[in-house]
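>>> using only what follows, build the 3D model:
(chains A, B, C and D)
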There are 2 protein chains.
Amino acid sequence: MVEQDDRLSRVFGALADPTRRDMVARLAAGDATVSELAAPYAVSLQAVSKHLKVLEEAGLVQRSRDAQRRPVHLDAEVFDLMTKWIERYRRQAEERYRRLDQVLARMQGKDIDDTDDPRRPNDAERQHRPEGAAG
Amino acid sequence: MVEQDDRLSRVFGALADPTRRDMVARLAAGDATVSELAAPYAVSLQAVSKHLKVLEEAGLVQRSRDAQRRPVHLDAEVFDLMTKWIERYRRQAEERYRRLDQVLARMQGKDIDDTDDPRRPNDAERQHRPEGAAG
DNA sequence: GTCTTGCTCAACCATGTGGTTGATTAAACG
DNA sequence: CGTTTAATCAACCACATGGTTGAGCAAGAC
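Model (predicted):
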């Protein structure tokens, strides 16, 4: 990934790591400091600090200050971004599935010989629009 | 990621790439062959083939056979896995937020001086259970 | 059989990622 | 002041990732 500045990529990327996912899970229960977060894992504090940086850059957490401590707070809003993306295409896929069922039902007993042009199993291109278009 | 065998990591990881996300988006509209999928992108067919392998290993798509073509089909079921994970912690975070509001409301005008032990900003550890436990 | 099409495999390269250790900053404690 | 605590920065390492090109393979076309 030479260029990976887009939001969704960073969020998905951040959640692609089990340790980070576990941190998010724990932060959902309440804020925690870096060392508190680090405690259960068999890695250095620095490694955890790095993980937090990734989560922060993805907009999943915020780090504030309390003396030398840096309480970490989960920002659950970004979840919506993901859910929206996922749901959009899940719905689309499901709809297509339903339509396919209908087509199959209608096709029962019909001639399915399309020697004319056996390729083009779909028309995805036509319906496609880049992900930035809507939300 | 030295070890990345768990499902959720692979799914999130697969979706952390804009090209792969775009492919998923297009596949939601209908199946497509590798070259059809590759067409819009400025990368080699081999690169696209690799992306598809990642999506396949994440359980997001299935590749079948039709002569020399390999129609790719989106398997939207895995989306549920993600949504469940996300929703679980989003809900938890929201609940906590609501409870925090109540606590703050109750605290109005009270003495908030806890010089006794200024640390321990949360009790995440207690409530935490590993992500494998439920779904 | 040979050619062409559609795709994958293999090797390679640059960059990213997750981990390490060591040094450093910042604030509280003595 | 110097020390301890909490966390970050910096340099480094092994391996993963995303891209490339070139070769190979399987199935239809000729």
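
>>> use CA for all of it now, contacts and neighbours both
OK.

>>> in chain A, where is pLDDT below threshold?
Within chain A, the stretches falling below the threshold (pLDDT under 70) are A:1-5, A:100, A:104-135.

>>> around DNA strand C, pick out the residues from it.
Selection of chain A residues close to DNA strand C by CA under 7 Å from any atom of the strand yields A:1-3, A:14, A:16-17, A:19, A:42-48, A:51, A:54, A:66-68.

>>> please list only the buried members of those.
Buried residues within the residues of chain A next to DNA strand C, counting neighbours by 16 or more other CA atoms under 10 Å in any protein chain shown: A:14, A:16-17, A:45, A:48, A:51, A:54.

>>> strands along chain A, start to end?
Taking DSSP state E as the test, the strands found in chain A are A:61-63, A:72-74.

>>> just the helices in chain A please.
Along chain A, the stretches classed as helices by DSSP state H are A:7-14, A:18-29, A:34-38, A:45-57, A:77-107, A:124-127.

>>> orientation of the first one relative to helix B:18-29 in degrees?
Orientation note: helix A:7-14 sits at an angle of 100 degrees relative to helix B:18-29 (axes from the mean of the first three to the mean of the last three CA atoms, to 10 degrees).

>>> helix A:7-14 close to DNA strand D?
No: judged by CA under 7 Å from any atom of the strand, helix A:7-14 and DNA strand D are separated, with a smallest distance of 9.1 Å.

>>> how far away is the residue lying closest to A:Q92 once chain neighbours are set aside from A:R88?
What sits nearest to A:Q92 in space, not counting adjacent residues and going by CA to CA, 6 or more residues apart in numbering or on different chains, is B:A28, at 5.8 Å. B:A28 is 9 Å from A:R88, where distance means CA to CA, to the nearest Å.

>>> more neighbours: these two, which one.
Using other CA atoms under 10 Å in any protein chain shown as the criterion, B:A28 and A:R88 rank with B:A28 on top: 27 against 14.

>>> show me what contacts the more buried one?
The contact partners of B:A28, taken as CA atoms under 8 Å, 6 or more residues apart in numbering or on different chains, are A:89-90, A:92-93, A:96, B:74.

>>> the same query, at a cut-off of 10 Å, please.
Shown here is B:A28, whose contacts under the criterion CA atoms under 10 Å, 6 or more residues apart in numbering or on different chains are A:88-97, A:124, A:127-128, B:22, B:73-76.

>>> isn't A:S49 right next to A:V34, touching?
Yes: using CA atoms under 10 Å, A:S49 is in contact with A:V34, at 6.8 Å.

>>> who has more neighbours out of the two?
More neighbours surround A:V34 than the other of A:S49 and A:V34, with 18 against 15 (other CA under 10 Å).

>>> ok, for A:R20, nearest residue in space, not its chain neighbours?
Counting by CA to CA, 6+ apart, the nearest residue to A:R20 once its immediate chain neighbours are dropped is A:H51, at 6.3 Å.

>>> I meant A:T83, not that one.
If the residues on either side of it in the chain are set aside, A:T83 comes closest to B:T83, at 6.5 Å by CA to CA, 6+ apart.

>>> tell me if stretch A:64-79 is near DNA strand D.
Yes: Stretch A:64-79 comes into contact with DNA strand D when judged by CA under 7 Å from any atom of the strand, the residues involved being A:68-71.

>>> much appreciated, bye for now.
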